[in-house]
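>>> let me see the structure of the following:
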Amino acid sequence: MIWDYITPGIPDELFERSENVPITKEDIRSIVLSKLRLRKNYSVIDVGCGSGSITVEVCLMVNSKNVYAIDSDENAIDLTKKNLDKFGVSANLIYSKAEEILPTLPTVDAIIVGGTKGKTEKIIELCISRLKKDGRLVIDTILIETMYKALRTIKREKMREIEVTQVTISKGKDVSSGTMLISRNPILILSATKK
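The predicted structure follows:
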């Protein structure tokens, strides 16, 4: 087994990667997963699955066949499939625009949104409609505009336990005179619970 720990945060280098498909970095992924508050056998939707790093970790945590990974980029779906196979887990892969497929999916315990392609309000509304009572919604973004629209939407939908977190990670890099810290892009994480 590639990752035989129960803790999240699989190192990025263990995943198959592509220059054109984004990956949620391991440190951010750990925080996002903690905000989802998962339990075994939970059902989960990953909107904008990208490389599938979150999908893989969710599958390892919930031991469930009720994990759905959505992306409108065929390369992302292919890469997610490779990573699921690599880690020996499976999920329902869906090549589609989120706003088109979400209404057809069952209600679930948790949803992670990693991309909205400019349709933030519509996608967040659809996600909330697909959540069970007390279900968790977590959105991660690098764009302030996406955070603003997402926050406005979840407040309008009267969700509870709303939390906004900004995360800035720096990673050590060896240089000739020692170790320097290289900053990564700040990430905004929004989490909330459905009433």
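>>> next one: the single longest strand found in the chain to chain centre, how far?
Determined from DSSP state E, the single longest strand within the chain is strand 131-141. Its chain's C-alpha centre and that of strand 131-141 lie 11 Å apart, by C-alpha atoms, centre = their mean, to the nearest Å.
>>> what packs against the helix or strand just after it?
Downstream of strand 131-141, the next assigned helix or strand under DSSP states H and E is helix 144-156. Here helix 144-156 touches helix 120-129, strand 131-141, strand 160-167, strand 187-193, going by 3 or more C-beta pairs under 8 Å, 6 or more residues apart in numbering; DSSP states H and E. Heads up, the C-betas are built off the backbone N, CA and C, glycines and all.
>>> what ranges do the strands span in the chain?
44-47, 67-71, 92-95, 108-113, 131-141, 160-167, 170-175, 178-183, 187-193.
>>> what's the mean pLDDT across the first one?
Across strand 44-47, the average pLDDT comes to 98.
>>> and that strand, how far from the chain's centre?
7 Å.
>>> what residues of it count as buried?
For strand 44-47, burial by neighbour count (16 or more other C-beta atoms under 10 Å) applies to 44-47.
>>> can I get that strand as PDB, trimmed to CA atoms?
C-alpha atoms of strand 44-47 as PDB (Å, rounded to 0.1, in the frame of the first residue of the first chain):
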ATOM      1  CA  VAL A  44     -19.200  12.800  -0.400                       C
ATOM      2  CA  ILE A  45     -19.100  14.900  -3.500                       C
ATOM      3  CA  ASP A  46     -15.900  16.500  -4.800                       C
ATOM      4  CA  VAL A  47     -16.700  19.400  -7.200                       C
END
